[in-house]
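In: Sequence first, predicted coordinates after that:
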Amino acid sequence: MSSYHPDPAALERFMKGESEPQEGREVVRHLLAGCDECRREARRHAPGAQPPASSRPSAWAPEGVGLAGDAMARVQRDLVQRSASLATERAEALGLFRELESLPPGRQSVLVRNSRRFQTWTLAELVLAEAFEARSGDVQRYQRLAELGLALAQSLDEATYTAPLVADLEARAWAYLGNALRILTRLRAADQAFRRARKLLDEGTSDPLEEARVLALQASLRDQQGRPNEAIALASRAARIYLQLGEEHLAGRTLIAKCAFMARDGRTDSAVADLERALELIEPEREPYVTMAGHHNLVHMLHNQGKNQEALKLLAKAQPVYRKFGKPQARWRLQWLEAKIALALGRPREAEHALLQVRDGFFEAGIYLDAAVACLELAHLYLGQGRLAEVRELAAWMVPIFKSQEVHREVLAALSVFRRAVEEERLTAGLVQSVAEYLEQSPHNPQRKFEPPSRS
Amino acid sequence: MESFEGPSASVSFEDLLEELGPRARGVFARYGIPEQDRGDLVQDSLLVFLYKQSEVREPQAWLLGTLRKKCLSYWRRRRHKLYRGVDAAILESLATQAPAQESSDFMRDLGNAVARLPARCRAVLTLRYRQGYEPAETADRLGYKRSGIYKIIERCLASLTSRMVASGLLSGEAQ
C-alpha cells in the first residue's frame, strides 16, 4: 500500500458522491488497497451513518428543523406567493373545466396541450377529481377524464410547480386511467398504466397519501388478475398508510375492498370480521357508494355463510344506506340480495318477484351481464319447480344479450351452452348454477374460459 | 400571517410549524438527517402541503408522514449517488492509462474485493469491469430482464462499496 492518504474532506466528498473524477479514482484505489484508517473515516460519512443529532428533542426551535432567520423568511415569502397564485387558479378552474367539457374530446386534448391558460395545477386536480367521482357510475367518462387529466398533468410547467409535484399528479392520472381500464377489463393496458404510476411515484414528492391511493387502486387490478395474495398485501399496505395519516375513512374504504378480495379467495370468515371493523371507520355521508358497497358485501358474505336471518336483519338496517346512494342500480342490487336470502329461507314466490324486477331493471339499463345472471337464477328457480315452459321463455328473452357489444366472448360462450341445453331439453340445475357462477366471477377473471360441469 | 386557502379548513403555516416542530426534530433525529439538510426537507414538505392541502384532513399527521418518507428518500438518493460515484471511479480507473505496477495492483485489489461478493454480484461485476459489458448485455448474458438489471447492478455496487469501506476484511488480501 502507498504512503498516500486522501484527506478527510476528499473522503467525505467521495462518500457523498461529490468527488471530481481524478479524486474519485484515487480514493477508490486507496480504499480497495485496504487502508483501515481511511476506511474508518469513509464509513463516518456513509449514508445513514450519522449519529442521532439529539436523543431527546427539546422544545420547538426553528433551528431544529433547519429553518431559521433568513431561511424561514425566504420560505414564508415563497409559500405566500404560491398561495396567492393558487387562489387565482382556483377561482378560474371551474370555468375552465366547464369550457373544456363543452368541447369534443379531440379538441379538449389539443387545447390542454397548446393553451397555457388551461395548464394549471388546480384544473388538472379538478379534472382528476371529477374522473374519480365518475368511477362508480360512468366508466367511459372516468376513462375520458383520466386521459384528459393525464394530458393536463403532462403539460404542467415543472419550473412553476416543481418536477416532483408534477410527477405526483401524473402518477395519480395514470392510476385513475389504469383503474378505468381495469373496470373495462383491459387488464394488460391497466397493468402498464399502474407500472407508469409506480415509477412516477418514485420521482414524486414522497407524499404518502399519493402512494396509498395508487396502491389501493392497483390492489383491485391484482384481484381482477387473479392474484389475490398480492391484492390483499397491497390493500393492507395502503390501509396502513391511511391509518398512519389519520385518514380513517380512506382506510375503511380500502379495507372494504380488501375484504372483498379475501372473500373471493375463499377466506369469508376472516373477511366478515375485518369488514365489520372496516365499516366502523367509514364516514357514511362522505361516500354513500362506499358505505353501500361495504354493507352489501357484508350481507352477501353472511348469506354465503348460511347466516340468512342475520343477513336479513342487517339488510333491513342498511335500507337507508341504499336509498342514500340514490341510483337505481342500488335498488336492484338490494332486491337481488333479498331474492337470494328469500330463496335460502324457502320463500320462492318472494324471490321470483324480486328477481323479475332485478332482471328488467338491469336489462333496461343495458347492464346485460347482471341481467343475464338474474335470468339464470330465475331459470334455476323455475327448473326446481318443473316450470320448463318458463325456462324456455327465459332463454328466448336473453337473445338481445347475445347481440350486445357489452358482453365479452367467453360470457357469450357460457350463455350459448345454457341456451343449447334448453333447446335440446337437457338443462340441469347444476349447469344453470355453474353458468351463473361463471358469469358472476367473469368481471374478476375475464380470461377464464367456461367449463361445463361433467355429467355425474 | 397569511393562511393557505383551500376547500379544507385554512391552516396557518406558522401555527403548523409551531406544532410540528418537536416531532419533526424527533423524525430527523431518528433518521440521522444532518442539520444542514433538514431545512430543505421541511421546505419541500410545506410546498407539497400547499398544493395538496385540499386533500389532507390531518395536516400534522400528513406532514410527519411526508417528512418520514422524505428522510428515507434522502438516504436513498445519497446511496445512489455514492454507488454511481464508485462505479464511475472504477470504470475510469480501468480506462485510464497508468503505470503497469499501479494498474496491476488496482486489478488485483478490485479482483479481491469482487471475489468476496455473493456469486450473483461476482458474475455481474466481472462482466462489467473485466469484459466491459453494458447493462443490457450483462442482462442478456446472465438471463436477467433488461428492465431489472439496473437494480441488480446497484445492489452489487452497494455490496462492493460496503466491502470497500469495511475494516479488516480486505487488508490481508491486499498485501
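Out: Great, that's in hand.
In: where exactly do the helices run in chain B?
Out: Taking DSSP state H, the helices of chain B run over residues B:13-31, B:35-52, B:59-95, B:100-115, B:119-129, B:135-142, B:149-165, B:171-174.
In: Say whether chain A is contacted by the second one.
Out: Yes - on the criterion CB under 8 Å from any CB of the partner chain, helix B:35-52 is in touch with chain A at B:35-44, B:46-48, B:50-52. All C-beta spots, glycine's among them, are computed from the backbone N, C-alpha and C.
In: Make sure B:D87 is actually in contact with B:A158.
Out: No - if you go by CB atoms under 8 Å, B:D87 and B:A158 don't touch, sitting 10.7 Å apart.
In: The two: which is more packed in?
Out: B:D87 (21 against 17; other CB atoms under 10 Å in any protein chain shown).
In: Give the residue spans of chain B that score low on pLDDT.
Out: B:1-14, B:167-175 (pLDDT under 70).
In: Tell me the helix or strand right after the helix or strand bottoming out on mean pLDDT in chain A.
Out: Least confident helix or strand of chain A, by mean pLDDT, DSSP states H and E, is helix A:399-403 with a mean of 69. With elements assigned by DSSP states H and E, the helix or strand that comes after helix A:399-403 is helix A:409-423.
In: can you tell me which helix in chain A is longest?
Out: Chain A, longest helix under DSSP H: helix A:69-101.
In: Report the angle between it and helix B:35-52.
Out: 30 degrees (axes from the mean of the first three to the mean of the last three CA atoms, to 10 degrees).
In: wait, does helix A:69-101 make contact with chain B?
Out: Yes - using CB under 8 Å from any CB, helix A:69-101 reaches chain B at A:71, A:75-76, A:78-80, A:82-83, A:86-87, A:90.
In: ok, of those, which come out buried?
Out: A:71, A:75-76, A:79, A:82-83, A:86, A:90 (16 or more other CB atoms under 10 Å in any protein chain shown).
In: Tabulate these (a markdown table), appending pLDDT.
Out: Below are those laid out as a markdown table (pLDDT from 0 to 100):
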| residue | pLDDT |
| --- | --- |
| A:A71 | 66 |
| A:V75 | 77 |
| A:Q76 | 79 |
| A:L79 | 85 |
| A:R82 | 90 |
| A:S83 | 89 |
| A:L86 | 92 |
| A:R90 | 91 |
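In: Mind putting those residues into a markdown table with distance to A:G17?
Out: Listed next are those as a markdown table, based on distance: CB to CB, whole Å:
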| residue | distance to A:G17 |
| --- | --- |
| A:A71 | 24 |
| A:V75 | 26 |
| A:Q76 | 32 |
| A:L79 | 30 |
| A:R82 | 31 |
| A:S83 | 35 |
| A:L86 | 35 |
| A:R90 | 40 |
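In: What is the nearest of those residues to B:R79?
Out: For those, the closest approach to B:R79 (CB to CB) belongs to A:A71, at 26.4 Å.
In: Just the pLDDT at A:R141, thanks.
Out: pLDDT for A:R141: 92.
In: can you count the residues close to the nearest residue to it once chain neighbours are set aside?
Out: Ranked by CB to CB, 6 or more residues apart in numbering or on different chains and with sequence neighbours excluded, the top spatial neighbour of A:R141 is A:A134, at 4.2 Å. Look at A:A134: counted by other CB under 10 Å, it has 18 neighbours.
In: Quick check: A:A134 vs B:S103, distance?
Out: Distance of A:A134 to B:S103, computed by CB to CB, to the nearest Å: 66 Å.
In: what about A:A231, how many neighbours?
Out: 25.
In: so it touches A:M262, yeah?
Out: No - proximity of A:A231 to A:M262 does not meet the contact threshold set by CB under 8 Å, at 9.1 Å.
In: For whichever residue of the stretch 301-450 of chain A sits closest to chain B, list the residues it contacts.
Out: Of the residues in the stretch 301-450 of chain A, the one nearest chain B is A:K324, at a distance of 21.4 Å by CB to the nearest CB. Neighbouring residues of A:K324 by CB atoms under 8 Å, 6 or more residues apart in numbering or on different chains: A:284, A:288, A:291-292.
In: same thing with A:A46?
Out: A:15, B:82, B:165.
In: change it to 7 Å
Out: A:15, B:165 (CB atoms under 7 Å, 6 or more residues apart in numbering or on different chains).
In: ok but it is inside a strand, no?
Out: No - applying DSSP: H, G, I helix; E, B strand; the rest coil, one finds A:A46 to be coil, outside a strand.
In: B:S162 versus that one, what's the distance?
Out: Distance from A:A46 to B:S162, by CB to CB: 8 Å.
In: Now do the SS call for the most centrally placed residue in chain A.
Out: Compute the mean C-alpha point of chain A, and by CA atoms, centre = their mean the closest residue is A:L217, 2.1 Å away. Following three-state DSSP, A:L217 is assigned to helix.
In: right, and it touches A:W174 too?
Out: No - A:L217 lies out of contact with A:W174 (CB atoms under 7 Å); the separation is 9.9 Å.
In: shared neighbours, those two?
Out: With CB under 7 Å, 6+ apart as the test, A:L217 and A:W174 reach no residue in common.
In: where's stretch A:280-298 relative to the chain centroid, distance-wise?
Out: Centroid separation for stretch A:280-298 versus its chain: 16 Å, with CA atoms, centre = their mean, to the nearest Å.
In: Compute the first-to-last residue distance for it.
Out: 13 Å (CA to CA, to the nearest Å).
In: average pLDDT across it?
Out: 91.
In: Is it positioned near chain B?
Out: No - judged by CB under 7 Å from any CB of the partner chain, stretch A:280-298 makes no contact with chain B; its nearest approach is 10.1 Å.
In: Just the buried positions in that stretch, please.
Out: A:281-282, A:284, A:287-298.
In: Nearest to A:L376, out of those residues: which one, please.
Out: Once CB to CB is applied, the member of these that ends up nearest A:L376 is A:H296, at 20.0 Å.
In: Give me the neighbour count for the closest residue to the closest one other than its chain neighbours.
Out: Leaving out its chain neighbours, the residue that sits closest to A:H296 by CB to CB, 6+ apart is A:R333, at 6.2 Å. A count of neighbours around A:R333, defined by other CB under 10 Å, yields 21.
In: Please apply the same query to A:A371.
Out: 25.
In: Please list all residues in contact with it.
Out: Going by CB under 7 Å, 6+ apart, A:A371 touches A:359, A:362-363, A:401.
In: quick one: secondary structure of it?
Out: With three-state DSSP as the basis, A:A371 sits in helix.
In: pLDDT score for it?
Out: For A:A371, pLDDT reads 86.
In: Please tell me how far it sits from A:Y242.
Out: From A:A371 to A:Y242 the distance is 36 Å (CB to CB).
In: Equivalent analysis for B:A136, please.
Out: From B:A136 to A:Y242 the distance is 39 Å (CB to CB).
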